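S.K.: Sequence below, structure please.
(one chain, ligands or ions: 1)
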Amino acid sequence: MHQQQLTTCKRIVVKIGSSLVASSEGGLHLDRIERLAEEFGKLQTHNRQLVLVSSGAIVAGISHLALKTYPQDVPLQQAAAAVGQSRLLRAYEMAFEKSGHKIAQILLTHQDLADRRRFLNARHTLTTLLQLGVIPIINENDTVAVDEIRFGDNDTLAGQIAHLIDADLLVILSDVNGLYEEDPRLNPSAKLIPLVPAITNQIENLAGTSRTQASRGGMVTKIQAAKQAGRFGVPTLLLNGETPNTLGQALEGNSSGTFFSSQESSLTNRKQWIAFTLRPKGEIMLDAGAVTALVLRGKSLLASGILSVKGSFLTGSPVSCTTEEGIVFAQGLSNYSAETLQRIKGKHTSEIQQLLGALEYKEVIHRDNLALTP
Ligand code: GLU
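M.R.: Numbering: from 1, shown residues only. Now for the predicted structure:
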């Protein structure tokens, strides 16, 4: 079944890991970039639509600036990214030009996707580029990204892009063959897992805490990206990009890596965005009656069902909803700030009117702005 998904998928996000395209000692791996560009160009010619998410800016910058090691301090990483990004894109441009393909550079932060208008703008731009036959190459806008607004690693960014453009498949190309039953560096005869039907705790534990020198990600972020893409309804394929034509082969039905199936999702794109793109700024705990009303009766959240409010957030902020036991079951946009909610929690409409003078909104979270999460 998953082989069929691979042979028929059209729109594909391909994440390319830093170690494939650059090293701090040797700079950009131009031969590898040329080989990948040739392979991707062929796929594009054969009716697939590719969006690349390429890392490598920081590592390329480190090499060009002759820094000794991967810098730990953020301004230096950002400076290296600024130097490396233009070199990286120049290499891609020259490589893709050989087969007559055009590319476009897109730099994003998490904040760009957390703002619905900017999210939709980015979506329109990307789909327009795809209609024009251009291959967009995305990276995190490292130069301006500080903790609050950054994805942190490009695996996570690629998972979000899969949702942004309604991709059929997310491919993560790195220097590992896929997910193994045991760490292959410790046990060379460890077996590769070809298919992961669902990302269970056991699968997450297999990822361990591996992290490579050349990138911010590791197996953990790859599994998280697959999990995130899966929630958006997009399957993920983990492949070794060091092997020539590994993606082309996989798309012909001869996959050599690990395929992670996606989940069925009944949420609309906007509700998926509320649930899985936005980061909650606070947490609202509900009584059992309110939980039932939201989950089983499709109602909006009223202040009367709120037991407690955590965090400090403004009107319109994303917040998670939990049961009395602390289980998160929904995420939504709050019509009231945390400060106001502290005053009106547990109260009925008439009491709220008295307290606030006027009732701005009947609902704390309107049903249209509420997404139930698995
Ligand atoms: N954006 C970083 C770069 O281009 C890479 C982040 C990552 O390794 O995931 O160097």
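S.K.: Quick check: residue 6 touching residue 255?
M.R.: Yes: counting by Cβ atoms under 8 Å, residue 6 does reach residue 255; the two are 6.1 Å apart. Quick note: C-beta positions are derived from backbone N, CA and C, even for glycine.
S.K.: Now for those two: what residues contact both?
M.R.: Applying Cβ atoms under 8 Å, 6 or more residues apart in numbering, one finds that residue 6 and residue 255 are jointly contacted by residue 237.
S.K.: so how many other residues sit close to the closest residue to residue 253 other than its chain neighbours?
M.R.: With sequence-adjacent residues excluded and distances taken as Cβ to Cβ, 6 or more residues apart in numbering, residue 253 is closest to residue 3, at 4.5 Å. Neighbour count for residue 3, taken as other Cβ atoms under 10 Å: 15.
S.K.: what packs against the helix or strand where residue 3 lies?
M.R.: According to DSSP states H and E, residue 3 maps onto helix 2-8. The helices and strands touching helix 2-8, judged by 3 or more Cβ pairs under 8 Å, 6 or more residues apart in numbering; DSSP states H and E, are helix 246-251.
S.K.: Show the average pLDDT along the helix it packs on.
M.R.: Average pLDDT, helix 246-251: 96.
S.K.: which residues are contacting that helix?
M.R.: For helix 246-251, the surrounding residues in contact (Cβ under 8 Å, 6+ apart) are 6-7, 9, 14, 39-40, 42-43, 48, 171, 173, 237, 239-241, 255-257.
S.K.: Pairing partners for the following helix or strand past that helix, with directions?
M.R.: Per DSSP H and E, the first helix or strand lying C-terminal to helix 246-251 is strand 258-260. Within its sheet, and counting by DSSP bridges, strand 258-260 is paired with strand 195-196 (parallel), strand 236-240 (antiparallel).
S.K.: Which among the ones you listed is found nearest to the ligand?
M.R.: Closest to the ligand of those, according to Cβ to the nearest ligand atom: strand 236-240, at 14.6 Å.
S.K.: roughly how far is that closest one from the heart of the chain?
M.R.: The chain centroid and the centroid of strand 236-240 are separated by 15 Å under Cα atoms, centre = their mean, to the nearest Å.
S.K.: circling back: ok, of the contacts of helix 246-251, which come out buried?
M.R.: Neighbour counting with 16 or more other Cβ atoms under 10 Å marks 6, 9, 14, 39-40, 43, 48, 171, 173, 237, 239, 241, 255-257 as buried within the contacts of helix 246-251.
S.K.: quick check, nearest of those residues to residue 302?
M.R.: Each of the buried ones among the contacts of helix 246-251 was scored against residue 302 by Cβ to Cβ, and residue 9 proved nearest at 43.0 Å.
S.K.: re the thing from before, contacts for the helix holding residue 3 next, please.
M.R.: Where contact means Cβ under 8 Å, 6+ apart, the residues beyond helix 2-8 that reach it are 168-169, 195, 235, 237, 250-253, 255, 259, 261.
S.K.: next one: stretch 85-94
M.R.: The contact list for stretch 85-94 (Cβ under 8 Å, 6+ apart) reads 21-22, 27-28, 30, 33, 37, 52, 54, 56-57, 60-61, 64, 103, 105, 107, 137, 139, 142-143.
S.K.: before we move on, what about stretch 268-280?
M.R.: With Cβ under 8 Å, 6+ apart as the contact definition, stretch 268-280 has outside contacts at 110, 113-114, 116, 119, 160, 163, 166, 228, 231-233, 265, 267, 311, 318-320, 330-333, 369-373.
S.K.: As JSON lines, the strands paired with strand 258-260 with mean pLDDT and distance to residue 286 would be great.
M.R.: As requested, the strands paired with strand 258-260 are exported to JSON lines (pLDDT from 0 to 100; distance: least, Cβ to Cβ, whole Å):
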{"stretch": "strand 195-196", "mean pLDDT": "96", "distance to residue 286": "33"}
{"stretch": "strand 236-240", "mean pLDDT": "96", "distance to residue 286": "33"}
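S.K.: So for residue 326, which of those strands sits nearest?
M.R.: With Cβ to Cβ, the closest approach to residue 326 among these belongs to strand 195-196: 28.1 Å.
S.K.: quick one: residue 322 and residue 329 touch, right?
M.R.: Yes: between residue 322 and residue 329 there is a contact at 7.0 Å, judged by Cβ under 8 Å.
S.K.: quick one, which of the two is more surrounded?
M.R.: residue 322 (19 against 15).
S.K.: tell me the contacts of the more buried one?
M.R.: Residue 322 makes contact with 283-286, 328-329 under the criterion Cβ under 8 Å, 6+ apart.
S.K.: Looking at neighbours, which among the residues you listed is most surrounded?
M.R.: Each of the contacts of residue 322 was scored by neighbour count (other Cβ under 10 Å); the top score is that of residue 284, with 28 neighbours.
S.K.: show me the contacts for it.
M.R.: Counting by Cβ under 8 Å, 6+ apart, residue 284 makes contact with 301, 306, 308-310, 319-322, 334, 341, 364.
S.K.: ok so, going back, put the buried members of the contacts of stretch 268-280 into a ChimeraX selection.
M.R.: Typed into ChimeraX, the next command selects the buried ones out of the contacts of stretch 268-280 (criterion: 16+ other Cβ under 10 Å):
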select :110,113,114,119,160,163,228,231,232,233,265,267,318,319,320,330,331,332,333,369,370,371,372,373
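S.K.: Contact residues of this protein facing the ligand?
M.R.: Residues of the chain lying close to the ligand (Cβ under 6 Å from any ligand atom) are 18, 55-59, 81, 139-140, 142, 153-154, 215-217.
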